[in-house]
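1. return atomic coordinates for the entry below.
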Amino acid sequence: MLNEFKAFIMRGNVLDLAVGVIIGAAFGKIVTSLVDDIIMPPIGVIVGGIDFSGLYINLSGVEYSSLAAAREAKAAVIAYGSFINVMIQFLIVSFAVFLLIKAVNRVVKRTPVATAPTPTEKLLTEIRDTLQSK
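-> The predicted structure follows:
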């Protein structure tokens, strides 16, 4: 069983997947920093100095000074500001993946793929050659 597991782990696609997950996790941290440290502060200034990450709805009825204090007290809260940040992160990652797929498709379209002619194409070629030889 150990040998089968080693063979499974050493397959190329499993290693490729592992590398993809590691790079994806690192990219996620970069996007999180981009959103939290670069994008959200100017947006907060534009909308009146609001820090989106601290926005929440308190469901417990007890007043808390901040979202961190409410969470520390294990109060029931809806942290919609954090959700806004996560949605912006998702949009950035989605756009990056879109650009990557678009670039790959552009490269793939440029690479001509030799295909065998279909029977209809063969027949049309024979007819054209016959007509041209007459």
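2. residue 75 contacts residue 60, correct?
-> Yes: using CB atoms under 8 Å, residue 75 makes contact with residue 60 at a distance of 4.0 Å. Using the backbone N, CA and C atoms, a C-beta is placed for each residue, glycine as well.
3. tell me which of the two has more neighbours.
-> Neighbours were counted for residue 75 and for residue 60 using other CB atoms under 10 Å; residue 75 has more, 17 against 12.
4. can you pull out the strands in this protein?
-> Applying DSSP state E to the chain gives strands spanning 57-58, 77-78.
5. residues contacting the last one, please?
-> Pointing back at strand 77-78 there. 56, 57, 58, 59, 60, 67, 70, 71 (CB atoms under 8 Å, 6 or more residues apart in numbering).
6. what pairs with that strand, parallel or antiparallel?
-> When pairs are called by DSSP bridges, strand 77-78 turns out to pair with strand 57-58 (antiparallel).
7. could the strands of the chain be laid out in a markdown table, adding mean pLDDT?
-> Shown next, in a markdown table, are the strands of the chain (pLDDT from 0 to 100):
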| stretch | mean pLDDT |
| --- | --- |
| strand 57-58 | 92 |
| strand 77-78 | 93 |
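8. ranking those by burial, who's on top?
-> Comparing those by mean neighbour count (mean count of other CB atoms under 10 Å), strand 77-78 ranks first with a mean of 14.
9. and it, how far out from the chain middle?
-> 27 Å (CA atoms, centre = their mean, to the nearest Å).
10. and for stretch 60-75?
-> 33 Å.
11. now it: buried residues?
-> Going by neighbour count (16 or more other CB atoms under 10 Å), the buried part of stretch 60-75 is 64, 67, 70, 75.
12. list phi and psi for the closest residue to the second one other than its chain neighbours.
-> In space, residue 67 comes closest to residue 56 once its chain neighbours are excluded; the distance is 4.6 Å by CB to CB, 6 or more residues apart in numbering. For residue 56, the backbone dihedrals (degrees, to the nearest 10) come out as phi -160, psi 160.
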